[in-house]
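Undergrad: Sequence first, predicted model second:
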Amino acid sequence: MAYINNTSILRSLSCASISLYYSMSAAASHLEVDDPALAERCELEMGWQQPRSDHARPQLNAATTCSRNQWEWHLGLASNANDDIREEQAEVGIKLPLNVNSHSDPEQQQDDWHSALVINLQKNLDASNELATEVFGIFGKTLGDSDVSLYANLGFTHEFNQSTQLLVGIAAAYELSSHHRVIAEIYQKELSETTYQFAYQHTPQQQLQLELSLGNALRGNALQLGADITFYFGH
């Protein structure tokens, strides 16, 4: 998931990258902590993740995101193969800003906390009744002229025939320049399964963003490498 860019690109992916791999892997290579900003343009992201396990094959995903007026929608697909078992998952979601004025006023985005509500519906395409729902709030703040942004996600996730679980995460993004950004985050989607992640984002031009990420479980060993490319189009 990408973060607010104070210069050229607002972010690379909104809701899809926070949750597309929830039922597949607790340590997805994507960034998991979302930011409250809406996409300024339509976005198309394609990603690759490689778990450390020698028996796990690369995970692939694709997602598109667009915004209309004061809300945002996204569609995503993910494929996860492990030995002879393959899982396909689809997701649809919306993001609604909770403080509309700060989203429309760039000066308020710098000075005030901004927030949004996200609702995601996920479907395992290989099973007829495996549905999952995520509902969470997003809070974020850019720290004045320091080029540091802070984000927090808090909500719940519920899978078919399973108990509801807490979804919580915090992240910090630092802009090295208008084209380079680093992010650190820690999040939890399952009880006793906390994961941290680091990412580097490079924006060589306004229509393109590249991302490399490294994540692992806070306890145990669930190392994953990831690479994503995002294309921006439209107005």
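TA: Looks like it arrived, so ask away. Numbering: from 1, shown residues only.
Undergrad: Give me the distance from the helix or strand hosting residue 230 to the chain's centre.
TA: In this structure, residue 230 sits in strand 224-233 according to DSSP states H and E. When distances are taken as Cα atoms, centre = their mean, to the nearest Å, strand 224-233 is centred 11 Å away from the chain's centroid.
Undergrad: Listing partners with orientation, what would you give for it?
TA: strand 42-51 (antiparallel), strand 208-217 (antiparallel) (DSSP bridges).
Undergrad: Determine which of those approaches residue 165 most closely.
TA: Of all those, it is strand 208-217 that lies closest to residue 165, at 16.0 Å by Cβ to Cβ. All C-beta spots, glycine's among them, are computed from the backbone N, C-alpha and C.
Undergrad: residue boundaries of the helices in this protein?
TA: 16-19, 100-104, 106-111 (DSSP state H).
Undergrad: for the protein, which spans come out with low pLDDT?
TA: 1-30, 52-56, 81-86, 100-111, 191-192, 235 (pLDDT under 70).
Undergrad: try 50 this time
TA: 2, 4-29, 102-103, 109-110 (pLDDT under 50).
Undergrad: Which parts of it are strands?
TA: For the chain, the strands defined by DSSP state E cover 42-51, 56-68, 71-82, 85-97, 114-124, 131-142, 148-159, 165-175, 180-190, 193-205, 208-217, 224-233.
Undergrad: how about those strands in a markdown table, adding distance to residue 34 and mean neighbour count?
TA: Below are the strands of the chain laid out as a markdown table (distance: least, Cβ to Cβ, whole Å; neighbours: other Cβ atoms under 10 Å):
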| stretch | distance to residue 34 | mean neighbour count |
| --- | --- | --- |
| strand 42-51 | 13 | 20 |
| strand 56-68 | 11 | 19 |
| strand 71-82 | 11 | 19 |
| strand 85-97 | 8 | 18 |
| strand 114-124 | 6 | 20 |
| strand 131-142 | 5 | 19 |
| strand 148-159 | 6 | 19 |
| strand 165-175 | 8 | 19 |
| strand 180-190 | 10 | 19 |
| strand 193-205 | 13 | 18 |
| strand 208-217 | 14 | 19 |
| strand 224-233 | 14 | 19 |
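Undergrad: CSV please, covering these and showing distance to residue 36.
TA: Putting the strands of the chain into CSV (distance: least, Cβ to Cβ, whole Å) gives the following:
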stretch, distance to residue 36
strand 42-51, 16
strand 56-68, 12
strand 71-82, 10
strand 85-97, 7
strand 114-124, 4
strand 131-142, 4
strand 148-159, 8
strand 165-175, 12
strand 180-190, 15
strand 193-205, 18
strand 208-217, 19
strand 224-233, 18
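Undergrad: Could you export stretch 180-192 as PDB, CA atoms only?
TA: The C-alpha coordinates for stretch 180-192 follow below in PDB (Å, rounded to 0.1, in the frame of the first residue of the first chain):
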ATOM      1  CA  HIS A 180      11.900   8.400  -3.100                       C
ATOM      2  CA  ARG A 181      10.000   7.300   0.100                       C
ATOM      3  CA  VAL A 182      10.600   4.700   2.800                       C
ATOM      4  CA  ILE A 183       7.900   3.200   5.000                       C
ATOM      5  CA  ALA A 184       7.900   1.100   8.200                       C
ATOM      6  CA  GLU A 185       4.900  -0.600   9.600                       C
ATOM      7  CA  ILE A 186       3.700  -3.100  12.200                       C
ATOM      8  CA  TYR A 187       0.200  -4.800  12.100                       C
ATOM      9  CA  GLN A 188      -1.900  -7.600  13.400                       C
ATOM     10  CA  LYS A 189      -4.700  -9.400  11.600                       C
ATOM     11  CA  GLU A 190      -4.700 -12.700  13.600                       C
ATOM     12  CA  LEU A 191      -4.400 -13.200  17.300                       C
ATOM     13  CA  SER A 192      -0.700 -13.800  18.300                       C
END
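Undergrad: Alright, that wraps it up for me.
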